[in-house]
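Student: Return atomic coordinates for the entry below.
(one chain, ligands or ions: 1)
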Amino acid sequence: MSEHIPVLVKEVVDLLDPKPGDILLDGTLGHGGHSRAFLEAAGDDSKVIGIDADEEALKDAKENLKEFGDRVTYIRGNFYDVPETRVTKELFDLGIGSHQIADEARGFSFSAEGELDMQYGPHADLPDSNIPSLNDFARKIGHYPNAHELVNGLAPLALSDLIRIYGEERYSGVIANAIVAARPIDGAKKLAQIIADAVPKTYEHGRIHPATRTFQALRIAVNRELEVLEAALPKAVEILEEGGVLAVISFHSLEDRIVKNYFREQAKSCVCPPEQIVCTCDHPPTLAILTKKPITAGEGEIEKNPRARSAKLRGARRI
Ligand SMILES: C[S@@+](CC[C@H](N)C(=O)[O-])C[C@H]1O[C@@H](n2cnc3c(N)ncnc32)[C@H](O)[C@@H]1O
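Tutor: Model (predicted):
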């Protein structure tokens, strides 16, 4: 098992403020690092409901958390399907775990010899993509596409849109054309090389691998990560007890923007159009924001765990 080092553990625990009797919904259980810290801090009668789409991650979490016995409930599934049960605390530590990057067969990493899969797990049901051509493509092939199918089957313009919108990649058109010209593409490493050959040699001045943004875009598209997050946040707030805390760790600006905007919207006591002088909406705020600015990792943590560099933690209390 390749171990995942959880980020911002102390900060998450401080924010969630574990108490005896707490029930934590951990929507992205991974290897259970955050859940362990929570259970230890909350004491004996606290519980965790842990969800992960990835069967392997869940197996490892069961091993890592076995001392907590039936205080942990394990659910294989997507946090988009928020369970219908009341909880007092919630954590979503978004995206990919080191355990998945290390697994060559999954195709998440551009140095991997494996196939281009990039699914966290089998999808029972997912929301529509914000990019209509991706929904059309899924309908055409009759299932949610994996990265191999997107790379080898999408029309050039749709592929360019995917890379630009989900990867914020300025060379999306150049990369999409190079991919289409090189089809069929049968592995992660080959795709990464095609991208590296297509972009200018000065790409981002060597700060990141030239394929980073395209791989991020594919992963987001395959798992509909942004749409799942958008749909899951209101459902998560719905099941959170009054006074309970929701914490979200994001790793790129697209995710963080969704969380920030959702928290802001829910913290407002009026959502009337700005030109309206008298409030008629009667909108009750559902959240109080606990983090004016996102909490980020210190230099010490980043040195030990470079993945922490892009982590942003936001929290809000249910009111
Ligand atoms: C960053 S890791 C979480 C690590 C975890 N906090 C720990 O301490 O080990 C993210 C995990 O969330 C899972 N995941 C990502 N999106 C998901 C979703 N929509 N539903 C369920 N699990 C998801 C991934 O499979 C991965 O194992």
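
Student: interface residues of the stretch 1-150 of the chain facing the ligand?
Tutor: Neighbours of the ligand within the stretch 1-150 of the chain, by Cβ under 6 Å from any ligand atom: 4, 6, 28, 30-34, 51-54, 57, 78-80, 93, 95, 97, 120. C-betas here are computed from N, CA, C, even on glycine.

Student: Take the residues you listed and keep only those in strands.
Tutor: 51, 52, 93 (DSSP state E).

Student: Residue of the stretch 151-300 of the chain closest to the ligand, please.
Tutor: residue 228 (4.8 Å; Cβ to the nearest ligand atom).

Student: what sits against that residue?
Tutor: 78, 79, 80, 126, 127 (Cβ atoms under 8 Å, 6 or more residues apart in numbering).

Student: Just confirm it is within a strand.
Tutor: No. Counting by DSSP: H, G, I helix; E, B strand; the rest coil, residue 228 is not part of a strand but helix.

Student: re the thing from before, name the nearest of the contacts of residue 228 relative to residue 72.
Tutor: Checking those against residue 72 with Cβ to Cβ, the nearest one is residue 79 at 15.9 Å.

Student: Quick check: the closest one touching residue 30?
Tutor: No. Counting by Cβ atoms under 8 Å, residue 79 does not reach residue 30; the two are 11.9 Å apart.

Student: need the helices for the stretch 51-200 of the chain, in chain order.
Tutor: 55-64, 98-102, 132-141, 147-153, 156-167, 172-182, 188-198 (DSSP state H, counting those that start in this stretch).

Student: So which of the ones you listed is nearest residue 241?
Tutor: Comparing the helices of the stretch 51-200 of the chain by Cβ to Cβ, helix 55-64 comes nearest, at 24.2 Å.

Student: mind checking how far the closest one is from the chain centre?
Tutor: 18 Å (Cα atoms, centre = their mean, to the nearest Å).

Student: Which of the helices and strands in the protein ranks last by mean pLDDT?
Tutor: helix 98-102 (a mean of 82; mean pLDDT, DSSP states H and E).

Student: ok, longest strand in this structure?
Tutor: strand 240-250.

Student: and the helix or strand following that one, what does it pack onto?
Tutor: The helix or strand immediately downstream of strand 240-250 is helix 253-267, counting by DSSP states H and E. Counting contacts by 3 or more Cβ pairs under 8 Å, 6 or more residues apart in numbering; DSSP states H and E, helix 253-267 packs against helix 225-238, strand 240-250, strand 287-289, strand 312-318.

Student: and these as TSV, adding mean pLDDT?
Tutor: Formatted as TSV, these follow (pLDDT from 0 to 100):
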stretch	mean pLDDT
helix 225-238	97
strand 240-250	98
strand 287-289	98
strand 312-318	98
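
Student: between the ones you listed, which gets nearest to residue 17?
Tutor: strand 240-250 (6.6 Å).

Student: Count the neighbours of residue 153 for me.
Tutor: Neighbour count of residue 153, defined by other Cβ atoms under 10 Å: 15.
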